[in-house]
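Chemist: Sequence and predicted structure are below.
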Amino acid sequence: MSVRSLGQLALALAILFATAVAGVLFPLQPFDPIWQRRIIPALINYATLPLIALALLRIGTTLSSQDPFLKRRRILFEQIALVAALGFVLLIPLQITANLRLQQRSAVVETQRIKAIESRLSAVRDAVDQAKNSADLNARLRGLKFVELANTEITKPLPELRQEVNTAFARMQKQIAQEKNNLPNANPLLLLPDLLRSSIALLALAGGYAAFARRPQDHLSLLEHLMLRRQRLGKSKGRLASSQRDYFETLHGHQTR
């Protein structure tokens, strides 16, 4: 296999990544938290493919530094890696807000559903209490679009029907109480383990892409630039602290004289 084949393999990996992500990317709904929570795990799962492609191109240009085909492709991939590194960092707050919004939405939907059931049962109970006879009760239930009484039930005395309906209500209320206890908890702390895992994965991917990301004619990667900036910032803070310490020592010496 020639060194140039590494460039073709890198392109194949990039196409494989784009194909896999496209399956969950469309239809585009960027403001929908469900879509956001679906796309982020897909990006995390398949993002190693372009990283391997970047590594292959780096190996290829190292083995054959004069090959213009490999060099052009490597430069293109490294420029795309700049955008990818920033994108993975921005995905961290996005996935946090998406999960929080979905948690709140789920809790609200379930609460509204149970309230609607309770309201409907309350209307049926009123119909049972206000009915004058079995036929009137059947008409009221039909008006509420509730279960109609069977022909054998219509002939029953109203007190007996009320007793049967009240028994059914007691079972329903018990079931509703159980559903209330099982309502999804909207406590954000419950999301913390999953959010930490995905955030760490996104940071690792951002660092991986930053290690390859490079502007044209730049000999240092984005990650190397960030590390240099951090070192310079640490040295400047050290010099500032040293100058402040010297100043206070000098001031203290003047005061003791």
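Modeler: Looks like it came in fine.
Chemist: Name the single longest helix found in the protein.
Modeler: Criterion DSSP state H: the longest helix present in the chain is helix 68-130.
Chemist: Flag every buried residue along stretch 112-128.
Modeler: Using 16 or more other CB atoms under 10 Å as the test for burial, stretch 112-128 gives 121, 124, 127, 128. In short, each C-beta sits where N, CA and C put it, glycine included.
Chemist: Could you do stretch 207-223 as well?
Modeler: Applying 16+ other CB under 10 Å to stretch 207-223 flags 208, 209, 210, 211, 212, 213, 214, 221, 222, 223 as buried.
Chemist: same deal with stretch 37-44?
Modeler: Across stretch 37-44, burial judged by 16+ other CB under 10 Å covers 37, 39, 40, 43, 44.
Chemist: Rebuild those residues as TSV, extending it with distance to residue 107.
Modeler: Below are those laid out as TSV (distance: CB to CB, whole Å):
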residue	distance to residue 107
37	16
39	23
40	21
43	27
44	26
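Chemist: quick check, nearest of those residues to residue 117?
Modeler: residue 37 (28.0 Å; CB to CB).
Chemist: Would you mind measuring from the spatially closest residue to that closest one that is not a sequence neighbour to residue 190?
Modeler: In space, residue 37 comes closest to residue 98 once its chain neighbours are excluded; the distance is 4.8 Å by CB to CB, 6 or more residues apart in numbering. As judged by CB to CB, to the nearest Å, residue 98 and residue 190 stand 15 Å apart.
Chemist: Which one of these two is surrounded by more residues?
Modeler: residue 98 (20 against 13; other CB atoms under 10 Å).
Chemist: Run through the helices of the stretch 151-257 of the chain in chain order.
Modeler: Secondary structure of the stretch 151-257 of the chain by DSSP state H, counting those that start in this stretch: the helices cover 151-154, 158-181, 192-212, 222-256.
Chemist: quick one: least confident helix or strand in the protein?
Modeler: helix 151-154 (a mean of 61; mean pLDDT, DSSP states H and E).
Chemist: Identify the residues contacting residue 129.
Modeler: residue 162 (CB atoms under 8 Å, 6 or more residues apart in numbering).
Chemist: What separation is there between it and residue 161?
Modeler: 12 Å.
Chemist: So residue 16 sits against residue 48, correct?
Modeler: No: using CB atoms under 8 Å, residue 16 is not in contact with residue 48; the gap is 11.1 Å.
Chemist: Show me how the chain divides into domains.
Modeler: 5-219, 220-257 (automatic domain parsing).
Chemist: of all those domains, which gets the most neighbours per residue?
Modeler: domain 5-219 (a mean of 15; mean count of other CB atoms under 10 Å).
Chemist: Span of it from start to end?
Modeler: With CA to CA, to the nearest Å as the measure, domain 5-219 spans 24 Å from end to end.
Chemist: Show me the buried residues of stretch 37-44 that map onto strands.
Modeler: Of the buried residues of stretch 37-44, none are assigned to strands by DSSP state E.
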